[in-house]
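Participant: Predicted model, plus sequence, below.
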Amino acid sequence: MTEPDPAAAPGASPTRRQATVWATAGLAVLAGAGWAWQSRRSDAGDSSAALWQQSFDKPDGTPLDLAGLRGGQGRLVVNFWATWCPPCVAELPMLDRFHQEHAARGWQVLGLAVDTPSSVRKFLAGRPVGFPVGMAGLQGTDLSRALGNAQGGLPFTVVLDPNGRVLHRKIGQLSESDLSHWL
């Protein structure tokens, strides 16, 4: 004689219990997938809202209002970097070439320095770039997190479409193939 399963509902057959378990698991998977889809959908459309509200000083002290970069004809590459970050420093010349080669096609590049203003000024005096640089300081870390950089690591790059939606994100050093893919 077999003992009854204490977890089983009285009168429920094993087939009915299995169906209930599978139905519950299926609903959990669907709920999770729906949440993930909605999260990505709203993240792609809304995560850049914080960016457009920012204003930083350029290295020369003039203001850089990021709202002025929105709505252009092309896409905007935003690169978070610091002078003390070797991969950041290594990718700056490539980003500068990309800016020069693709600006006529509407592409914009923006560097946001997560660093001290004096360090950035000194660095750029010896290695200037043709794209605008904003002195974001520690505020840049929070902004990069709002754009999807959960760890706050550098370098971090996002590509936005003319409507401000995030199209691509990359944490770590960029490569020529990343930029080619984004084109």
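Facilitator: Yes, it's here. Note that this is a predicted model, so its numbers are computed, not measured.
Participant: residue contacts, H99?
Facilitator: W107, Q108, V109, V129, G130, F131 (Cβ atoms under 8 Å, 6 or more residues apart in numbering). Yep, even glycine has a C-beta here, placed from its N, CA and C like the rest.
Participant: among those residues, which are in strands?
Facilitator: If you go by DSSP state E, these have Q108, V109 in strands.
Participant: Mind checking which of the contacts of H99 are buried?
Facilitator: For the contacts of H99, a burial check counting by 16 or more other Cβ atoms under 10 Å picks out W107, Q108, V109, V129, F131.
Participant: Widest-spaced pair of these?
Facilitator: The span of the buried ones among the contacts of H99, defined through Cβ to Cβ, is set by W107 and V129 at 14.5 Å.
Participant: from the contacts of H99, which is closest to P93?
Facilitator: Nearest to P93 among the contacts of H99: V129, at 8.1 Å, using Cβ to Cβ.
Participant: My guess is that closest one contacts V120. True?
Facilitator: No. Look at V129 against V120 with Cβ atoms under 8 Å: they stay out of range, at 10.9 Å.
Participant: could you give the mean pLDDT of stretch 152-164?
Facilitator: Averaged across stretch 152-164, pLDDT comes to 95.
Participant: Outside of it itself, list whatever touches it.
Facilitator: Contacts of stretch 152-164 (Cβ under 8 Å, 6+ apart): 48-49, 51-52, 70-82, 85, 87-88, 91, 114, 141, 144-145, 147-149, 166-174, 178, 182.
Participant: same thing with stretch 59-70?
Facilitator: The contact list for stretch 59-70 (Cβ under 8 Å, 6+ apart) reads 51-58, 76, 108, 110, 117, 120-121, 124, 132-135, 162, 164.
Participant: Those in helices, which ones?
Facilitator: Taking DSSP state H as the definition of helices, the contacts of stretch 59-70 contribute L51, W52, P117, V120, R121, L124.
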